[in-house]
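Engineer: sequence isn't available, so here's the structure alone:
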């Protein structure tokens, strides 16, 4: 279930200053003092503690959709948000209360004065929401998984968000996650508006369309790689469709596969599609056949030929 986002922009502007961040969205909300969590969130995340409810909602969405989101206390963000690559290593205090060294060339989130989050890894304590936070801006982003992985490894940290970002999040899930956030923050059906969040603004620049990648697949090649010469076309296509691929026939036993948005990070050619099918069909179904032995004697090498001549 999703909710519509506000037509007006968030009061805090943001700028994407690196190509390592492909998409970025920001949802601004005001939170009720006695905000009530929906029952399904409580059943998964546990009873509300001294944390701000927005934290449990963000963590719930991460588990539900596989798209990390992060909430900043709006009153602690100075002026604007910039997404950029760091010029040099710097020390931050993270949400877990520990200090880390963020290496150069990491994707960082900054306001006008300081770093407020390490993109795809962890937020900073200087902008974290607390029990008394009443105004938040929630980010949802898509960034380069290799860059995220290098940063997390260098910092010596692994979070739920970094685990997902390192493997490549769905580029089309960004806005959906914020819509889901808006819906869950509205509270349970029948809850008074005074115990729910109020949507203030939403910003999301759509400068470039999300890539629609297509890969050619030969069924003959797939059968050869799988060593299953009699593998039926219907089985191949149904499994690939179930994995999210769009299928269009271009010629006999040759198809154009539309790569699903959540696989754009690692599916680039026919071999990747075949690997996806093999994993789905089960590697154990591949018949192992040893190469045939050649019983003919190998030709003599130069030394052997010279020896025969001398004899």
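Structural biologist: The structure has been received and is ready for your questions. Keep in mind the model is a prediction, meaning the values are calculated, not measured.

Engineer: check the gap between residue 61 and residue 224 for me.
Structural biologist: Residue 61 sits 43 Å away from residue 224, going by Cβ to Cβ, to the nearest Å. The way it works is simple: take the backbone N, C-alpha and C, and place the C-beta from them, glycine included.

Engineer: now swap in residue 53 and tell me
Structural biologist: Here the criterion is Cβ to Cβ. By it, residue 53 lies 55 Å from residue 224.

Engineer: coming back round to it: out of residue 61 and residue 224, which sits in the busier spot?
Structural biologist: When neighbours are counted by other Cβ atoms under 10 Å, residue 61 comes out ahead of the other of residue 61 and residue 224, with 23 against 12.

Engineer: I'd assumed residue 185 was in contact with that one.
Structural biologist: No. Under the criterion of Cβ atoms under 8 Å, residue 61 lies out of contact with residue 185, with a separation of 10.4 Å.

Engineer: who touches both of the two?
Structural biologist: A shared contact of residue 61 and residue 185, defined by Cβ atoms under 8 Å, 6 or more residues apart in numbering, is any residue touching both; here there are none.

Engineer: which residues of the stretch 1-150 of the chain fall in strands?
Structural biologist: Assigned strands in the stretch 1-150 of the chain, in chain order: 14-16, 21-30, 69-73, 81-85, 90-93, 99-102, 107-110, 115-118, 122-123, 135-143 (criterion: DSSP state E, counting those that start in this stretch).

Engineer: can those strands go into TSV with extra columns for mean pLDDT and distance to residue 241?
Structural biologist: As requested, the strands of the stretch 1-150 of the chain are exported to TSV (pLDDT from 0 to 100; distance: least, Cβ to Cβ, whole Å):
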stretch	mean pLDDT	distance to residue 241
strand 14-16	94	34
strand 21-30	93	26
strand 69-73	96	30
strand 81-85	96	36
strand 90-93	96	45
strand 99-102	96	42
strand 107-110	97	35
strand 115-118	96	38
strand 122-123	95	38
strand 135-143	94	25
